[in-house]
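A.B. asks: Here is a sequence together with a model predicted from it:
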Amino acid sequence: MSSHDALIHLESIKKIYGEGEARTYALRGVDIEFYEGEFIAIMGSSGSGKSTMMNIIGCLDEPSEGSYYFQGVDIGSLNRNQISLLRRNFMGFIFQGFNLLARTSAVENVELPLIYRGMKSSERRAKSLEALAKVGLDHVAHHQPSQLSGGQQQRVAIARALVTDPLIILADEPTGNLDTKNSIEVMKLLQELNAEGITVIMVTHEPDMAQFAQKVIIFRDGNIEKIEEKSKDVF
């Protein structure tokens, strides 16, 4: 496959913080491609550049140097509104801390991205209930986060990421706050979504969780140290 076929193509990506003697390289010229339908785990120690890479992929941060192409479109040529639309229409985000609104029901949390799209109330409610059913939580649709376990809260967050029918899910330490049983359930769910065609890119520090991915990219000191190919059916 060539870079022209890539869903995401990153070319000579650098991220630099500070000036002069305080100048720090978070990324030192990374070249990588991600293809539609892949399940990628990004690993590395603290300060390796993995979180910076995830923020750039998700258009939450800009590279200091280099080029980022999404489906062949140069992200550097887009304005802020266009980048917001790209995130809203093509990307779903899952975070370690769940990021659910505390006094809002599960289904209302899932509806949030659809409100930003201006979708009608009845349509977004139906779509949100469908997303909750997909993660096995339609029976707790009207529960608030405080009434749910950590694993259930993360599955609500996954439903919220799914409800916009994203091309890609970006998961930042999605099992970081979960016990082993719930972690495995969440990872199997991500595997199932990937099998349905959604590209998954996940940052994790847990080798056991990285085993669920097809490919593991290991960062060290702002560079890609190595790439490990995995079997699709590890579990």
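C.D. replies: In hand now; what should we look at? Numbers count the residues shown, from 1 in each chain.

A.B. asks: what's the single longest helix in this protein?
C.D. replies: helix 180-195 (DSSP state H).

A.B. asks: ok now it, how far from the chain's centre?
C.D. replies: 14 Å (Cα atoms, centre = their mean, to the nearest Å).

A.B. asks: what mean pLDDT would you report for that helix?
C.D. replies: Mean pLDDT, helix 180-195: 95.

A.B. asks: contacts for it?
C.D. replies: Applying Cβ atoms under 8 Å, 6 or more residues apart in numbering, the contact partners of helix 180-195 are 37-39, 135, 149-151, 154-155, 158, 162, 169, 171, 174-175, 178, 200, 202, 206, 208-209, 212, 235. C-betas here are computed from N, CA, C, even on glycine.

A.B. asks: Take these and keep only those in helices.
C.D. replies: Reading helices off those with DSSP H, I get 150-151, 154-155, 158, 162, 208-209.

A.B. asks: who wins for neighbours among these?
C.D. replies: Q154 (29 neighbours; other Cβ atoms under 10 Å).

A.B. asks: show me what contacts it?
C.D. replies: Q154 touches 94, 98, 174-175, 177-178, 182, 186, counting by Cβ under 8 Å, 6+ apart.

A.B. asks: How about G47?
C.D. replies: Counting by Cβ under 8 Å, 6+ apart, G47 makes contact with D221.

A.B. asks: Just the pLDDT at it, thanks.
C.D. replies: Looking at G47, its pLDDT reads 90.

A.B. asks: ok so it is a strand residue?
C.D. replies: No: read with DSSP: H, G, I helix; E, B strand; the rest coil, G47 is coil and lies in no strand.

A.B. asks: I'd like the distance from whichever helix or strand I115 is part of to the chain centre, please.
C.D. replies: Per DSSP states H and E: I115 is located in helix 106-116. Distance, stretch centre to chain centre, for helix 106-116: 18 Å (Cα atoms, centre = their mean).

A.B. asks: okay, the nearest residue to E225 once chain neighbours are set aside: pLDDT?
C.D. replies: In this structure, E225 finds its nearest non-sequential neighbour in I218, 4.8 Å apart by Cβ to Cβ, 6 or more residues apart in numbering. Looking at I218, its pLDDT stands at 97.

A.B. asks: which strands and helices sit next to the helix or strand where I218 lies?
C.D. replies: Assigned by DSSP H and E, I218 belongs to strand 215-220. Strand 215-220 is packed against strand 39-43, strand 223-229, with contacts defined by 3 or more Cβ pairs under 8 Å, 6 or more residues apart in numbering; DSSP states H and E.

A.B. asks: what sits against the residue positioned nearest the centre of the chain?
C.D. replies: What sits nearest the mean C-alpha location of the chain, by Cα atoms, centre = their mean, is L170, with 0.8 Å. L170 sits next to 54, 57-58, 91-94, 201-202 when contact means Cβ under 8 Å, 6+ apart.

A.B. asks: Thanks a lot, see you next time.
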